[in-house]
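> Sequence plus the predicted model coming up.
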There are 2 protein chains.
Amino acid sequence: MRVIFNEEMKQVADDLKSMTDYIEKAIVLAGKALLENDIEAAQQLIDNDSIIDGLEVSIIDRCVVMLAKQNPVATDLRVVVSSMRLASTFERMGDLARHIGETARRTYPNSAITNELKDTFAQMQAFTADVANRLSGILEKHDTETAKQIIENDSKLNALHNSVFALVTGDEWTGTRQQVIDTVLLSRFYERFGDHAVSVARRLVYIVSGFDPAMDPGNDDDND
Amino acid sequence: MRVIFNEEMKQVADDLKSMTDYIEKAIVLAGKALLENDIEAAQQLIDNDSIIDGLEVSIIDRCVVMLAKQNPVATDLRVVVSSMRLASTFERMGDLARHIGETARRTYPNSAITNELKDTFAQMQAFTADVANRLSGILEKHDTETAKQIIENDSKLNALHNSVFALVTGDEWTGTRQQVIDTVLLSRFYERFGDHAVSVARRLVYIVSGFDPAMDPGNDDDND
């Protein structure tokens, strides 16, 4: 049984890794769509989302089968349950990247954001792309140091999110009300993407701690 | 074992019912906070959110213990897994109601929304409060007819959400840019609350269908 469990768990881990690869790809494409007006990137991002959705379904199905056939207990059981929750969080991160692509596609050939915001969004983009890039590493290598960095650094993304609001309500603002709407939602998509990355990092720290209750991430989504 | 499983499952069902009661209370308080400038309602809503969070943690813990000790299979197993996912969805619905209360508290004693939007938000409020009220019924009585109505009616909430955008970008609009921001986010909170209710309804239909794959709700959050 143990061998089968390990093999099945390896497959789940591979699928989770695959999800993080697609999420990284998605947020990179989102940046191209939004900051470089790349309509093909937007379309590819939107098309790829169904792959991410499919991986979530497949991971959860596989976990349910493992629960039924192998009755994992203790740490094994918590790894299975955590894997299901990670898959759902990754799926939502994919959706958020897709929303950025959809906004860029809708406003094309115009940019969804005004020039005065480009720099701030470029920073949000760089930040979230970097976080997405680290996710697969922290999953594969159980790298808690990087996970802790992601948790600590989240305030930077929140600060960028707040500075977007300050720009949009400031005296220098020249955009339309539609651009205010798009900007606020885009900024929220980036901020939520970051929040989910933090919840992934917390879950990872909890797994590596051997499910120490003091590290329990509790509910994933404090901010939605 | 069967008796223990049924008893444990009854406790999970009671806790889920409790979550839906708190969610209904939360969205009703959100409406008072937003539409009647009721600061005490806002505060009570914000304070109550930790109860909802605690119920999610407790339901998931209980489900993990059931998985470990009783090795449920087939339908029982899927009910346990679905219960965990429902608890997470309810937790997010509580967060969304809380965000409405937080916005109302921040703008108090002023209203977060302008007079021209009151009617539309009153409709969103009535819609989501009604949906929240039905949730506990569909869970308790496995009422698939009501669940299907929730799924079908969701387009009404989306239409209201879109009409908010039309008002905010229209010629009649007199609000500030800060009010544009608050309005857009508030509308999104209501719309997301409705989306989650739809995902709950779909999951319920799936449970009652005996987990017919054709009814599989797949990933919960198409829109986050």
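Right, received. Where do you want to start?

> Touching stretch A:39-54 from outside, list them.
For stretch A:39-54, contacts defined as Cβ atoms under 8 Å, 6 or more residues apart in numbering or on different chains pick out A:19, A:22-23, A:25-26, A:29-30, A:32-33, A:90-91, A:94-95, A:97-98, A:100-102, A:104-105, A:108-109, B:218-219. Using the backbone N, CA and C atoms, a C-beta is placed for each residue, glycine as well.

> Filter those down to the buried ones, PyMOL style.
Buried members of those, defined by 16 or more other Cβ atoms under 10 Å in any protein chain shown, are picked up in PyMOL with:
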select buried, (chain A and resi 19+22+23+25+26+29+30+32+33+90+91+94+95+97+98+100+101+102+104+105) or (chain B and resi 219)
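
> Now, the contacts of stretch A:39-54 that are in helices?
With helices taken from DSSP state H, the overlap with the contacts of stretch A:39-54 comprises A:19, A:22-23, A:25-26, A:29-30, A:32-33, A:90-91, A:94-95, A:97-98, A:100-102, A:104-105.

> what sits against the closest residue to chain B within chain A?
Relative to chain B, the nearest point of chain A is A:N71 (4.0 Å; Cβ to the nearest Cβ). Residues near A:N71 by Cβ under 8 Å, 6+ apart: B:68, B:71.

> okay, A:N223: pLDDT?
Looking at A:N223, its pLDDT is 47.

> got it, and A:L204?
Predicted confidence (pLDDT) for A:L204: 88.

> Which residue, neighbours along the chain excluded, lies closest to it?
A:A147 (4.8 Å; Cβ to Cβ, 6 or more residues apart in numbering or on different chains).

> The ones in helices among the contacts of stretch A:39-54: which ones sit near chain B?
When contact is defined as Cβ under 8 Å from any Cβ of the partner chain, the ones in helices among the contacts of stretch A:39-54 meet chain B at A:91, A:95.

> Phi first, then psi, for A:A112.
Main-chain torsions, A:A112, degrees, to the nearest 10: phi -70, psi -20.

> On the pLDDT front, check it for me.
pLDDT for A:A112: 95.

> Verify the contact between it and A:R105 for me.
No: counting by Cβ atoms under 8 Å, A:A112 stays clear of A:R105, with 9.3 Å between them.

> A:K17 is in contact with A:E140, correct?
Yes: using Cβ under 8 Å, A:E140 is in contact with A:K17, at 6.2 Å.

> Could you pull up the contacting residues of the residue most central in space within chain A?
For chain A, A:M93 is the residue whose C-alpha lies nearest the centre (Cα atoms, centre = their mean; 3.4 Å). A:M93 makes contacts with A:23, A:26-27, A:132, A:193, A:196-197, as judged by Cβ under 8 Å, 6+ apart.

> What segments of chain A are helices?
Taking DSSP H as the criterion, chain A contains helices spanning A:2-35, A:39-70, A:74-107, A:115-141, A:144-169, A:177-208.

> what about chain A, any weak spots by pLDDT?
Where chain A drops to pLDDT under 70, the residues are A:1, A:219-224.

> One more pass at 50, please.
A:223-224 (pLDDT under 50).

> Pull out the buried residues from stretch A:8-21.
A:8-9, A:12, A:15-16, A:18-21.

> just stretch A:110-130 next, same as before
Of all the residues in stretch A:110-130, those buried under the rule 16+ other Cβ under 10 Å are A:111-114, A:117, A:120-121, A:123-125, A:127-129.

> Could you tell me how far stretch A:151-168 lies from the centre of the chain?
Offset of stretch A:151-168 from its chain centre (Cα atoms, centre = their mean, to the nearest Å): 17 Å.

> And A:Y22, how far from A:D49?
Distance, A:Y22 to A:D49, using Cβ to Cβ, to the nearest Å: 9 Å.

> To clarify, my last question referred to A:R202.
Distance of A:R202 to A:D49, given as Cβ to Cβ: 25 Å.

> Can you tell me which of the buried residues of stretch A:110-130 is nearest B:S58?
A:T128 (32.5 Å; Cβ to Cβ).

> What residues does that closest one make contact with?
A:27, A:157, A:190, A:193-194, A:197.

> Widest-spaced pair of these?
The largest separation in the contacts of A:T128, counting by Cβ to Cβ, is between A:I27 and A:L157 at 12.4 Å.

> who's more crowded, those two?
A:I27 (27 against 23; other Cβ atoms under 10 Å in any protein chain shown).

> Isn't A:D216 up against A:R203?
No: the criterion here is Cβ under 8 Å, and A:D216 misses it with A:R203 at 9.4 Å.

> Those two - which one has more neighbours?
Remark: of A:D216 and A:R203, A:R203 carries more neighbours, 21 against 16, as counted by other Cβ under 10 Å.

> how about the nearest residue to that one, chain neighbours excluded?
Using Cβ to Cβ, 6+ apart, the nearest residue to A:R203 is A:P217, at 5.1 Å.

> And for A:V164?
Spatial nearest neighbour of A:V164, excluding adjacent residues (Cβ to Cβ, 6+ apart): A:S187 at 4.2 Å.
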